[in-house]
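Enquirer: heads up, no residue letters with this:
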């Protein structure tokens, strides 16, 4: 029986240099060596004042950008640099934002944004509030009434019930991938599908799928996935079986 080959993921970072003195740009021997090594490379770099992180940035061409910082507003505020070569340009901005968010260097005035990422603080706030209400009710012997929507209410508004309504937990996420890009959406209690982070809303999985791949027709039930109780991503079509 033939052994299955393990799938090897491609590294995002393909090379790096750390704690290099800014003085290399004053010495032709070292300057030429470093320039040759990083020529045509792109990625994220960090500037340090001794051992303290001062600034994080991104560069499509390392040499030009770092030499620029020897003369601009950052001049004299750093004396060492590190650089990390990134395989794909599309990852650079997000990695820079991640480092700035975590390290908060003094020289960075802007923290940057994460692409296709949702701030989970409002959801955490909502969850903590619900937990507190339940805790308070138990302490004082009260009963928490769950909000329910009856069939009569659904009929009275004259709208067709959305297919995902009741099939997933409130605000549970669904996922899909198309052309090497990942997409996430939330399924609201009403069954409405809300894209993250655009906020576009759709009534059915198929309509949400069409918005992703721009095709006229698609079977959204076999396009979107959700995390089952085991944490595995499976097609939402399994919810109908």
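Expert: Done, it's in. Because the structure is a prediction, the values reported are computed rather than measured. Numbers count the residues shown, from 1 in each chain.
Enquirer: need the contact list for residue 219.
Expert: By Cβ atoms under 8 Å, 6 or more residues apart in numbering, the residues touching residue 219 are 206, 209. (Each C-beta comes from the backbone N, C-alpha and C, glycine too.)
Enquirer: tell me the helix or strand right after the one helix or strand in the chain whose mean pLDDT sits lowest.
Expert: Least confident helix or strand, the chain: helix 151-156 with a mean of 36, by mean pLDDT, DSSP states H and E. Downstream of helix 151-156, the first helix or strand assigned by DSSP states H and E is strand 172-178.
Enquirer: ok, that following strand: who's next to it in the sheet?
Expert: Sheet pairing for strand 172-178, assigned by DSSP bridges, gives strand 181-187 (antiparallel), strand 225-227 (antiparallel).
Enquirer: list the buried ones in the shortest one?
Expert: In terms of neighbour count (16 or more other Cβ atoms under 10 Å), strand 225-227 has its buried residues at 225, 226.
Enquirer: any idea how far it is from the chain center?
Expert: Centroid separation for strand 225-227 versus its chain: 17 Å, with Cα atoms, centre = their mean, to the nearest Å.
Enquirer: give the next helix or strand downstream of that strand.
Expert: Downstream of strand 225-227, the next assigned helix or strand under DSSP H and E is strand 233-235.
Enquirer: mean confidence for that following strand?
Expert: For strand 233-235, mean pLDDT is 89.
Enquirer: output the contacting helices and strands for it.
Expert: strand 225-227 (3 or more Cβ pairs under 8 Å, 6 or more residues apart in numbering; DSSP states H and E).
Enquirer: and the residue of the chain most remote from its centre, which of the three is it?
Expert: Largest separation from the mean C-alpha position in the chain: residue 141, at 42.1 Å (Cα atoms, centre = their mean). Of the three states, residue 141 takes coil according to DSSP: H, G, I helix; E, B strand; the rest coil.
Enquirer: any idea of the pLDDT on it?
Expert: 78.
Enquirer: for the protein, what are the low-confidence residue spans?
Expert: Applying pLDDT under 70 to the chain picks out residues 1-9, 115-118, 143-161, 241.
Enquirer: count the neighbours of residue 69 for me.
Expert: As a burial measure, residue 69 scores 20 neighbours (other Cβ atoms under 10 Å).
Enquirer: mind telling me what element the nearest residue to residue 107 once chain neighbours are set aside is part of?
Expert: Leaving aside its chain neighbours, residue 107 sits nearest to residue 55 (3.2 Å; criterion: Cβ to Cβ, 6 or more residues apart in numbering). In this structure, residue 55 sits in strand 52-59 according to DSSP H and E.
Enquirer: how about the strands in the chain?
Expert: Secondary structure of the chain by DSSP state E: the strands cover 13-21, 43-49, 52-59, 80-86, 172-178, 181-187, 193-196, 201-202, 225-227, 233-235.
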